[in-house]
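Asks: I'll drop the sequence and a predicted model, then ask my questions.
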Amino acid sequence: MNIGKVSKRVESVSPFYVMDIMARAKKLEEVGQEIIHMEVGEPDFSTPQPILEAAKNFLDIGNVRYTTAQGLPALRDKIAEHYLQEYSVIVQSERIFITPGASGALTVALAALLDAGDEVLTADPGYPCNSNLIRLFGADAKAVKVSDVDDFQLTAEHISQSWGGATRGVMIASPSNPTGTMVGRAQLNDIVTAVHEQKGFLISDEIYHGLVYKNRAVSALEITDDVFVLNSFSKFFGMTGWRIGWLIVPDYAVSAATRLMQNLYISAPTHSQHAALAAFNGATRDILHQRRDEFERRRDVLYNGLKALGFVITNKPQGAFYIYADCSAFTDNSYTFALELLEKGGVATTPGKDFGVSQPEKYLRFAYTTTMESIELGLQRIKLFLQSRKPVDSKR
Ligand SMILES: Cc1ncc(COP(=O)(O)O)c(C=O)c1O
């Protein structure tokens, strides 16, 4: 019998602290308290109707079998077309893999690239699964502190300065989770040059492309083919629960990615792939653009509202649906503050410690994945909550 021991590898995988908040929110809701949810990293909108219709039509036939490991050729062609239309780049369908979300794409990319003992540079704060998965493959995630000065993004200088003997590559995300900040074309160009100078790999997480409010997001594929691009139908396309995304790899990694897809997943969910065939059509695009505009309006209300309450937001988010707000005027522990705000104010947020170790106690992530009405009510509640805290409690 097993003595109840799990692998050493999995010991390095950290939990999502926001789960504590979500569990407590659920308890409070069970006893009748109404909670404003600003902790959730998924759109509140339902999957667009044309995508649902495509799925229903496919399911009516009832023949839900595996696809090839790379994914439906028709969907890969549509994605290739999307890159031509949106970014004016030619991506051969052979380099595109349909994966179970960007999470599946990340797993395949890391499995294709990492050996035990390798090191990958990641931004701190950043998406927590990156470093957890890197460690799961026996490699190390070297968290590089990014700040307001560099728009909370890695720069070429960070990369050159942090590169060590074991470093093999770099992960970037634009727009970023949790800050919503982006990497501009010139910076991206410099990042690519810095990584290539070191003969390393670059993984570019572009999952929030489409949810961008001013300047269009630049894809790393506009600069180089020697990049691993992660993307997904989860966020902009409103398909979180369908578990479908994509990975684009350089030519040299096509065979590796194919073998990994075969062995890890056999294929991405087939009904989701058929549904996603409708994701790029005109009717869907119109719906998604309206939603994007609504996200932008929400961002502005939340951004202005939080600033008026005394939160410090140094870098206005340009994309995604998050605001990473400095709450150090009110607390020196954003985790207990988040719990207290939930308990006494009825507003759920995500504490900074979910995103790294660089001063996480100063930050809360607010997601504007809820209605404008809820955002306005949430702001009122936060105001009352802050007013209700005794001056002695206001800085602990
Ligand atoms: C930056 C980033 N990358 C990847 C993912 C994974 O998304 P999915 O697997 O749903 O496509 C998320 C989800 O929140 C994310 O924020």
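Replies: Now that the structure is in, tell me what you want to look at.
Asks: Helices of this structure, residue ranges please.
Replies: Along the chain, counting by DSSP state H, helices occupy 8-11, 18-30, 49-61, 73-87, 101-113, 128-136, 156-162, 185-197, 254-264, 270-276, 282-309, 334-340, 372-388.
Asks: got CSV for those helices, with distance to the ligand and mean pLDDT too?
Replies: Using the backbone N, CA and C atoms, a C-beta is placed for each residue, glycine as well. As requested, the helices of the chain are arranged in CSV below (distance: least, Cβ to the nearest ligand atom, whole Å; pLDDT from 0 to 100):
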stretch, distance to the ligand, mean pLDDT
helix 8-11, 19, 88
helix 18-30, 11, 92
helix 49-61, 15, 98
helix 73-87, 14, 98
helix 101-113, 3, 98
helix 128-136, 7, 95
helix 156-162, 18, 98
helix 185-197, 16, 98
helix 254-264, 14, 98
helix 270-276, 11, 98
helix 282-309, 15, 98
helix 334-340, 18, 96
helix 372-388, 20, 97
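Asks: got those as a markdown table, with mean neighbour count columns?
Replies: Converted to a markdown table, these look like this (neighbours: other Cβ atoms under 10 Å):
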| stretch | mean neighbour count |
| --- | --- |
| helix 8-11 | 9 |
| helix 18-30 | 15 |
| helix 49-61 | 15 |
| helix 73-87 | 16 |
| helix 101-113 | 23 |
| helix 128-136 | 20 |
| helix 156-162 | 17 |
| helix 185-197 | 18 |
| helix 254-264 | 17 |
| helix 270-276 | 22 |
| helix 282-309 | 16 |
| helix 334-340 | 20 |
| helix 372-388 | 16 |
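Asks: Distance to Arg243 for the ones you listed - can I get that in CSV?
Replies: Below are the helices of the chain laid out as CSV (distance: least, Cβ to Cβ, whole Å):
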stretch, distance to Arg243
helix 8-11, 22
helix 18-30, 19
helix 49-61, 13
helix 73-87, 14
helix 101-113, 5
helix 128-136, 14
helix 156-162, 32
helix 185-197, 28
helix 254-264, 13
helix 270-276, 6
helix 282-309, 19
helix 334-340, 28
helix 372-388, 27
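Asks: ok, now which ones touch the residue lying closest to Asn333 once chain neighbours are set aside?
Replies: Computed as Cβ to Cβ, 6 or more residues apart in numbering, the closest residue to Asn333 that is not its neighbour in sequence is Glu361, at 5.2 Å. Glu361 is in contact with Ser328, Thr331, Asp332, Asn333, Ser334, Tyr335, Gly352, Lys353, counting by Cβ atoms under 8 Å, 6 or more residues apart in numbering.
Asks: hmm, 10 Å instead?
Replies: Contact partners of Glu361, counting by Cβ atoms under 10 Å, 6 or more residues apart in numbering, are Cys327, Ser328, Thr331, Asp332, Asn333, Ser334, Tyr335, Thr336, Phe337, Pro351, Gly352, Lys353.
Asks: Tell me the one among the residues you listed nearest to Gln161.
Replies: In terms of Cβ to Cβ, no member of these lies closer to Gln161 than Gly352, at 24.0 Å.
Asks: Distance check, that closest one against the ligand.
Replies: Applying Cβ to the nearest ligand atom, to the nearest Å, the value for Gly352 to the ligand is 15 Å.
Asks: shouldn't that residue be in contact with Leu364?
Replies: Yes - taking Cβ atoms under 10 Å as the definition, Gly352 is a contact partner of Leu364 at 6.5 Å.
Asks: Quick one: neighbours of the closest residue to Ser234 other than its chain neighbours, just the number.
Replies: Excluding the flanking residues, the one nearest Ser234 by Cβ to Cβ, 6+ apart is Thr240, at 4.5 Å. Residues lying near Thr240 (other Cβ atoms under 10 Å) number 17.
Asks: Could you do Ser93 as well?
Replies: That count, for Ser93 with other Cβ under 10 Å as the rule, works out to 16.
Asks: so what's whichever residue of the stretch 251-396 of the chain sits closest to the ligand up against?
Replies: Relative to the ligand, the nearest point of the stretch 251-396 of the chain is Ala320 (7.6 Å; Cβ to the nearest ligand atom). Contact analysis of Ala320 by Cβ under 10 Å, 6+ apart lists 41, 173-182, 207-209, 211-213, 235-236, 295, 299, 367-368.
Asks: Then Val254?
Replies: By Cβ under 10 Å, 6+ apart, the residues touching Val254 are Gln70, Gln92, Glu94, Arg95, Ile96, Phe97, Ala112.
Asks: what's the first-to-last distance across stretch 360-380?
Replies: Stretch 360-380 has an end-to-end distance of 25 Å (Cα to Cα, to the nearest Å).
Asks: beta partners of Ala367?
Replies: On the basis of DSSP bridges, Ala367 is bridged to Tyr322.
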